[in-house]
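> requesting a structural model of the entry that follows:
(one chain, ligands or ions: 1)
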Amino acid sequence: MIDRPALDRIIESGGYIGVNTGQAHEANSTLINHDLAEKAFDAAACIGCGACVATCKNASAMLFTSAKVNHLSMLPQGEPEAAQRVKNMIMQMDAEGFGSCTFTGACEVVCPQSISVFNITEMNGRWLWG
Ligand code: SF4
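Got it, this is the predicted structure:
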């Protein structure tokens with residue numbers, strides 16, 4: 001069983017982008033490579049169910065957190081806050097008491113949305129190199 005509010009607090013710590021309110025931008029004013037958009041959408045498919053945490057022998061939330069970090073940070077709209085986002089979300093994940101990832105891959109196997117463990121490696125790169 002998963003403590004879902006803990007996952008919500010990870011989102012609250014950085015799973016958003018800051019935008020000015022007002023009229024919506026013209027959709028085509030920010031060009032995004034198709035492959036990149038697909039990759040971001042794949043990560044955005046995470047529904048926050050917590051199955052990855054439940055199956056992990058370390059009770060790690062790395063698959064969930066990395067999906068939430070990456071789907072925003074790999075797009076131009078999320079790039080300005082990317083460095084701070086990854087720090088805030090990982091620190092919140094640690095504060096919630098989730099375990100460390102030892103990359104067993106069990107999370108990817110049970111994920112109903114087929115979120116890839118490569119999200120974890122990508123997030124670790126963001127954490128290390130900003
Ligand atoms: S199992 Fe998949 S969909 Fe569910 S929280 Fe984890 S990464 Fe997200």
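> not counting sequence-adjacent ones, nearest residue to the residue nearest the centre of the chain?
For the chain, the residue nearest the mean C-alpha position is Lys68 (1.9 Å; CA atoms, centre = their mean). Distances taken as CB to CB, 6 or more residues apart in numbering place Gly15 nearest to Lys68, at 4.6 Å, with adjacent residues excluded. To be clear about C-beta, it is placed using only N, CA and C from the backbone, and glycine gets the same treatment.
> isn't that neighbour up against Gln92?
No. Using CB atoms under 8 Å, Gly15 makes no contact with Gln92, being 9.7 Å away.
> count the residues that sit near Ile10.
25 (other CB atoms under 10 Å).
> that one is in what secondary structure piece?
helix 4-12 (DSSP states H and E).
> how distant is that helix from the center of its chain?
12 Å (CA atoms, centre = their mean, to the nearest Å).
> and the next element down the chain from it?
helix 34-44.
> following element in sequence after that next one, please.
Heading C-terminal from helix 34-44 (DSSP H and E), you reach helix 51-55.
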